[in-house]
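S.K.: Following is a predicted model, sequence given first.
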Amino acid sequence: MEFTFVSRFFRQKDKKVAHSLHRENNLTFARADETCVIKGIRTDDEETKNFLFTLGCYEGEEVTIISVLSDNYVIHIKGARYSIDAELAKAILI
């Protein structure tokens, strides 16, 4: 009885550690002059999703962070530079 309780306790702890390591990163975790591949867009706002799509932010596309000033991110996508705020940067998964 005691063995099953202990093994269940450690199994749950291992799952929590594995889950925390599999965290999705967004564009705010990238550094300046770093090129990343977009893995997806995560937002509940359909208008924001459509806006990012018109900029060229979609799965598989490369994005380079040129600079970060305060909450503004200057990014390079498909030969163009854009300035986006932190909310839009958090929606872009890398």
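M.R.: Sure thing, it's come through. Numbers count the residues shown, from 1 in each chain.
S.K.: Mind naming the longest strand for this structure?
M.R.: In the chain, taking DSSP state E as the definition, the longest strand is strand 62-69.
S.K.: list the contacts for the closest residue to residue 39 other than its chain neighbours?
M.R.: Among residues not flanking residue 39 along the chain, residue 93 sits closest, at 4.6 Å (CB to CB, 6 or more residues apart in numbering). Any C-beta I mention is one placed from the backbone N, CA and C, and that applies to glycine too. Going by CB atoms under 8 Å, 6 or more residues apart in numbering, residue 93 touches 24, 25, 26, 27, 38, 39, 40, 41, 42.
S.K.: redo that, cut-off 7 Å
M.R.: Each residue near residue 93 by CB atoms under 7 Å, 6 or more residues apart in numbering is listed here: 24, 25, 26, 38, 39, 40, 41, 42.
S.K.: hang on, the earlier thing: contacts made by the longest strand of the chain with the rest, please.
M.R.: 30-32, 34-38, 57, 73-77, 81.
S.K.: Now do that strand: distance to the chain's middle.
M.R.: Distance of strand 62-69 from the chain centroid (CA atoms, centre = their mean, to the nearest Å) equals 13 Å.
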